[in-house]
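A.B. asks: Got a sequence here, can you model it:
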Amino acid sequence: MNKYIFPALTLFAFLSFFACGSVDPAKRYPLMVADQDPVFAGMIEAEFDRSFSARMDKKEIEVFFYPRYNAVVLEFRHELVRYRQFWDPGNRRLFIQALDSYRADFAARNLVNTYFKTAACYGKFTGAAEWETSSLSFTGHSSPRMELGYRFRNETPYFSVRQRAAPNERGHSDRGTSNSLQIIMYYTRAQAEELTKLFDQDYLMSLLAPVRNDPEPAKDEYREDADAVDF
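C.D. replies: This is a model prediction of the structure:
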């Protein structure tokens, strides 16, 4: 499982309250559910736009759980760049609620093929993202606007998550990409439902190593003033 554990990230955006130095973990990580390293949660699939083509690319996405931050991280490659997309508990709930609305509209045949109206029809929020260049020489992070909606592609509707372009908050534009690019992730209902399973808090907690609470061993009682016993 070591291949699924990557170096700890510089905190950003919704984790801006990170404190340096040696402090109580509960104060250092206010959302912490366990003082444990990231764990692999599973794999999902999603569709992405293909450059200069009307076709789409289906890609596998690795999903991790960061218990110190109670964050789910989607890691994937897009246009030769590796991205990490962070989902805190509140934003995970928004995703699940948006998918419920999409499924209801799908069943009622209320979907319309007008993306500028539907791209964010189920909500928007501020997210967090990291990315690396293909040479791994540069890492950036941003707080992009995230939009939940749907879009028709080749006459087929998809639940969509649009990550808007956003400035690199590390400010090293001379070393690489100055902005995180806009990325649209397209999910079939089945693909999105698989992600909601990995967003489930009970499932995430089940991945963690059990906390050992070994009972304190019984102590031998010894009293110097105890009556002597002759054998």
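A.B. asks: List the contacts of residue 142.
C.D. replies: Residues in contact with residue 142 (Cβ atoms under 8 Å, 6 or more residues apart in numbering) are 12, 13, 128, 129, 166, 167, 168, 169, 179, 180. For glycine as for every other residue, the C-beta is placed from the backbone atoms N, C-alpha and C.
A.B. asks: Show the residue spans covered by the strands in this protein.
C.D. replies: 39-49, 56-66, 71-78, 81-87, 123-126, 128-132, 139-142, 145-153, 156-163, 166-167, 179-180, 183-187 (DSSP state E).
A.B. asks: tell me, which of the ones you listed is the model least confident about?
C.D. replies: Least confident of the strands of the chain, judged by mean pLDDT, is strand 179-180 with a mean of 80.
A.B. asks: now the longest helix along the chain against strand 156-163, angle please.
C.D. replies: Taking DSSP state H as the assignment, the helix of the chain that covers the most residues is helix 89-107. Put simply, helix 89-107 runs at 160 degrees to strand 156-163, going by axes from the mean of the first three to the mean of the last three Cα atoms, to 10 degrees.
A.B. asks: Let's have the contacts of residue 142 in CSV, adding distance to residue 121.
C.D. replies: Output for those, formatted as CSV (distance: Cβ to Cβ, whole Å):
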residue, distance to residue 121
12, 28
13, 24
128, 23
129, 22
166, 21
167, 26
168, 29
169, 28
179, 25
180, 23
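A.B. asks: nearest to residue 53, of these?
C.D. replies: Among the contacts of residue 142, residue 180 lies closest to residue 53 (Cβ to Cβ), at 22.2 Å.
A.B. asks: Please report how far the residue lying closest to that closest one once chain neighbours are set aside lies from residue 181.
C.D. replies: Nearest residue to residue 180, sequence neighbours excluded (Cβ to Cβ, 6 or more residues apart in numbering): residue 142, at 4.2 Å. From residue 142 over to residue 181 the distance is 10 Å, taken as Cβ to Cβ, to the nearest Å.
A.B. asks: Count residues in the vicinity of the residue lying closest to residue 86 once chain neighbours are set aside, would you?
C.D. replies: Excluding the flanking residues, the one nearest residue 86 by Cβ to Cβ, 6+ apart is residue 128, at 4.1 Å. By other Cβ atoms under 10 Å, 27 other residues sit near residue 128.
A.B. asks: cool, and residue 109?
C.D. replies: 6.
A.B. asks: Over to the one 5 residues further on?
C.D. replies: Summarising burial for residue 114: neighbours were counted as other Cβ under 10 Å, giving 11.
A.B. asks: pLDDT score for it?
C.D. replies: 95.
A.B. asks: thought residue 88 was touching residue 71?
C.D. replies: Yes: between residue 88 and residue 71 there is a contact under Cβ atoms under 8 Å: 5.4 Å.
A.B. asks: joint contacts of those two?
C.D. replies: The contact sets of residue 88 and residue 71 overlap at residue 31 (Cβ under 8 Å, 6+ apart).
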